[in-house]
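coordinates for the following, if possible.
(chains A, B, C, D, E and F)
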Protein chains: 4
Amino acid sequence: MAGRKRDEAARQAILQSTFELMREEGFSRLSIEGVAACAGVGKATIYRWWAGKGALAVEAFLTAAEPLIAFPTSGSARDDIVRQMRLLAEFYRGPAGRLVREMIGAAQCDATIRTAFMSDFLEPRRELARAVFRRGVAAGEFRADVDADVAIDALWSPIYYRFLVSGAGMEDAFISAHAEIVLRGLMVDGV
Amino acid sequence: MAGRKRDEAARQAILQSTFELMREEGFSRLSIEGVAACAGVGKATIYRWWAGKGALAVEAFLTAAEPLIAFPTSGSARDDIVRQMRLLAEFYRGPAGRLVREMIGAAQCDATIRTAFMSDFLEPRRELARAVFRRGVAAGEFRADVDADVAIDALWSPIYYRFLVSGAGMEDAFISAHAEIVLRGLMVDGV
Amino acid sequence: MAGRKRDEAARQAILQSTFELMREEGFSRLSIEGVAACAGVGKATIYRWWAGKGALAVEAFLTAAEPLIAFPTSGSARDDIVRQMRLLAEFYRGPAGRLVREMIGAAQCDATIRTAFMSDFLEPRRELARAVFRRGVAAGEFRADVDADVAIDALWSPIYYRFLVSGAGMEDAFISAHAEIVLRGLMVDGV
Amino acid sequence: MAGRKRDEAARQAILQSTFELMREEGFSRLSIEGVAACAGVGKATIYRWWAGKGALAVEAFLTAAEPLIAFPTSGSARDDIVRQMRLLAEFYRGPAGRLVREMIGAAQCDATIRTAFMSDFLEPRRELARAVFRRGVAAGEFRADVDADVAIDALWSPIYYRFLVSGAGMEDAFISAHAEIVLRGLMVDGV
DNA sequence: AAATAATCGAGACGGTACGTCTGGTCTTACC
DNA sequence: GGTAAGACCAGACGTACCGTCTCGATTATTT
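Purely as a prediction, here's the structure:
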């Protein structure tokens, strides 16, 4: 038999409360208890639909952040890449950066978060980057003998390294200096 | 001032217990309570000498791991760099990798850990890398107009990215492919 | 009036499941949730027809136990009384005793149970006792100046006291010793 | 080694809060959570020292009630007994009665409560009664061939029966009528 | 030597949050 | 309209650790 349907209003209230609390206090202070109280919802309702704090946070983050991070693509592949890197660095310097940072942090101890964050947030963005790179190869800008994933890692990794590990700045000047080095290694000689 | 000296035996017992527990169960399951019980030590003794779980874990990790990660330097700068990258990737693929990963993860929510880990673990290693890079510049292998920190990030970041974010493999083939790209951008033309 | 009739099969299934679960695990472990699951019935169906766990348990108990506790009456009033007391003590020593005990226990916090248990279980049995006592008075066995309810309490109360409070044994020897005392007080002098 | 001593102030606060809450809302509404909040105490502190809600309630009740129930004994055994019965009935008709009732109720499902209540509350009172009865035997008031425990049950049980089971009144008139019957059976003939 | 002072182990304390459980209500789809 | 299924809000359960705080016992220095 059927039974009552999932209450969409409760689902929304939970996700919004989660995002709100996370934005105000950070992922580490987030508690299921707090979300339930803030959303006016029983704890069991949260545990029924989400595996834990991590899964909830990732979904809340994506739901709230998805509209904000549409990276535009146009012009030459080289220019698109540098522009994308600058936009990403800017995005991570902003308020959402802290959340991304804390969630990647939490993902180190929790495979659920890692998987969810990877497949729902990072992979789509990476696919975009692959398309741009391939466009560059097709246009004769980039060497054809380089693996796209290696190239993409070479280009974007330092943003994550500075963001997650060293905490060093990610200003446009750094992005330019870094891109100059790697693109020199990626571009067809003499171009 | 008078008073009893700090008990070195207790300090060692605490650090060893911390490392042991961390190795067995991971950083996230580590608890001060557990360390105290395992080391046969009062909790207050831990809180008196360490700021918290993070600081304790970092020190325990470094004490135990330091002997294992002495990167040798010799030969050409280019070769030394690639060899170092391979050793680092190998180190992170091993059992210590999980601990480093979890500690960098925890550092995202805890500035104490971040600072301790940075200054005691990463910065010394980075200083070594800077020395090698400068040697390469002096030897005419590398371009003189490139900032050492930008170059180092360009070289080593993908290891951390794959390690922390994408989870992709870090085999020697990848290291070689990546190094080839970046070194092409770093080396003096025609060399 | 339109609408489906009450489903007698569901009612039976609920009562049987209640008795079953109560017999296996005791009244305190009984839960509406469990009854619903065991009977293959919605929780709402139970709440629609019974006031709560207590009311349900009492009805289930009476339905199942009623056939087992028909106290026979015959012979002299004095003998009937002692025989009844022995049978009651035996009944309470058996498996049903635990249920009665737990239900009287629950009745201390729940007037619903108290009322239901009283009117449906105890009062009918008491009425029987009154009849026997009155027969004894009519036959000249018992003093006519004693209130039947006081006499009945004097006779049967110790069974309940030992059963509910002190936990002391209720063997035939005790019943005899007790009855001897009280009957001495109840019988017409010189009989 | 020793460790910190138990905090007597916390103990008192817990017992008083327990009694307070129990008096206001009854045993069934009592919750450890509520006691902790009311006493300004961590839940763990309660669980550290008491086995559960039952053990806590019994101790709180005894602590608070002990001063109120010192039954005086003097005069003839017969008179003492009737006076004690009247005092007990009065005590149970009062506010403490509800608590005793609920605790005996809870004891039906929880051996911990039963044991604690028996040994700490009932048995001491019973021992007093035994002493009085033996005094009566020694004084030639009571028959020497009657077991003290049987006699005591015969005398006091109806108070408990009416209190716990039938809910009938326990006024002095009833006590007198009941005592008259049983004492007739207990006293030496012709006295 | 005695007095002083900081450290140690143990562990109780007030708290927070956990994840589970049950209670009683409400909704939906089927009969 | 009654029913089975089951989601919902509510809130207590007992547990695990947190970081702080006594305790007494144990060293070292300083008088």
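
C-alpha only now, for contacts and for neighbours.
OK.

surely A:F174 touches B:V150?
Yes. Between A:F174 and B:V150 a contact is recorded at 7.3 Å, counting by CA atoms under 8 Å.

tell me how many other residues surround the residue of chain A found nearest chain C.
In chain A, the residue that lies nearest chain C is A:G3 (10.1 Å; CA to the nearest CA). Number of residues near A:G3 (other CA atoms under 10 Å in any protein chain shown) recorded here: 5.

that one should be in a strand, yeah?
No. A:G3 sits outside any strand when classified using DSSP: H, G, I helix; E, B strand; the rest coil, being coil.

check it and give its pLDDT.
Looking at A:G3, its pLDDT stands at 80.

ditto for A:F174
pLDDT, A:F174: 98.

run a quick neighbour tally on it.
For A:F174, the neighbour count with other CA under 10 Å is 18.

by contact count, what packs against whichever strand or helix holds it?
Using DSSP states H and E, A:F174 sits in helix A:172-186. Helix A:172-186 sits against helix A:77-93, helix A:148-161, helix B:148-161, helix B:172-186, with contacts defined as 3 or more CA pairs under 8 Å, 6 or more residues apart in numbering or on different chains; DSSP states H and E.

so who does the residue in chain A that chain D sits nearest to touch?
Of all residues in chain A, A:E33 sits closest to chain D, at 15.7 Å by CA to the nearest CA. Going by CA atoms under 8 Å, 6 or more residues apart in numbering or on different chains, A:E33 touches A:K43.

what mean pLDDT would you report for the helix or strand hosting it?
Element membership of A:E33 [criterion: DSSP H and E] is helix A:32-39. In this model, helix A:32-39 has an average pLDDT of 97.

C-terminal to that helix, what's the next element?
Counting by DSSP H and E, the element after helix A:32-39 in chain order, helix or strand, is helix A:43-49.

list the buried residues for the helix or strand of chain A with the lowest mean pLDDT?
When the helices and strands of chain A are compared on mean pLDDT, DSSP states H and E, helix A:111-117 comes out lowest with a mean of 85. Neighbour-count burial for helix A:111-117 flags A:112-117 (criterion: 16 or more other CA atoms under 10 Å in any protein chain shown).

farthest pair within these?
By the measure CA to CA, A:T112 and A:F117 form the most distant pair in the buried residues of helix A:111-117, at 8.4 Å.

show the contacting residues for whichever residue of chain A sits closest to DNA strand F.
Checking chain A residue by residue against DNA strand F with CA to the nearest atom of the strand singles out A:G3 as nearest, at 2.8 Å. If a contact means CA under 8 Å, 6+ apart, then A:G3 has no contacts.

any idea how far D:R101 is from it?
Using CA to CA, to the nearest Å, one gets 42 Å for the distance from A:G3 to D:R101.

over to A:E102?
55 Å.

now swap in A:M22 and tell me
Taking CA to CA as the measure, A:M22 falls 50 Å from D:R101.

residue contacts, A:G167?
Neighbour list for A:G167: A:Y161 [criterion: CA under 8 Å, 6+ apart].

give me the phi and psi angles of it.
phi 70, psi 10 (degrees, to the nearest 10).

what residues does chain A have near chain B?
A:26-28, A:101-102, A:104-109, A:114, A:118, A:150-151, A:153-155, A:157-158, A:160-161, A:164-166, A:174, A:177-178, A:180-186 (CA under 8 Å from any CA of the partner chain).

near DNA strand E, which residues of chain A? Just list them.
Neighbours of DNA strand E within chain A, by CA under 7 Å from any atom of the strand: A:1-5, A:29-34, A:43-44, A:47, A:52-53.

now do the buried residues in the helix or strand following the least confident helix or strand of chain A.
Sequence-wise, the next helix or strand downstream of helix A:111-117 (DSSP H and E) is helix A:123-138. For helix A:123-138, the neighbour count (16+ other CA under 10 Å) marks A:126, A:129-130, A:132-137 as buried.

closest to DNA strand E out of the residues you listed?
Nearest to DNA strand E, judged by CA to the nearest atom of the strand, of the buried residues of helix A:123-138 is A:R126 at 31.1 Å.

if you average the pLDDT over the helix or strand where A:A65 lies, what comes out?
Using DSSP H and E, A:A65 falls within helix A:53-65. The average pLDDT for helix A:53-65 rounds to 91.

which strands and helices sit next to that helix?
By 3+ CA pairs under 8 Å, 6+ apart, helix A:53-65 packs against helix A:8-25, helix A:95-107, helix A:111-117.

out of those, deepest packed?
Highest mean neighbour count among the helices and strands packed on helix A:53-65 (mean count of other CA atoms under 10 Å in any protein chain shown): helix A:95-107, with a mean of 21.
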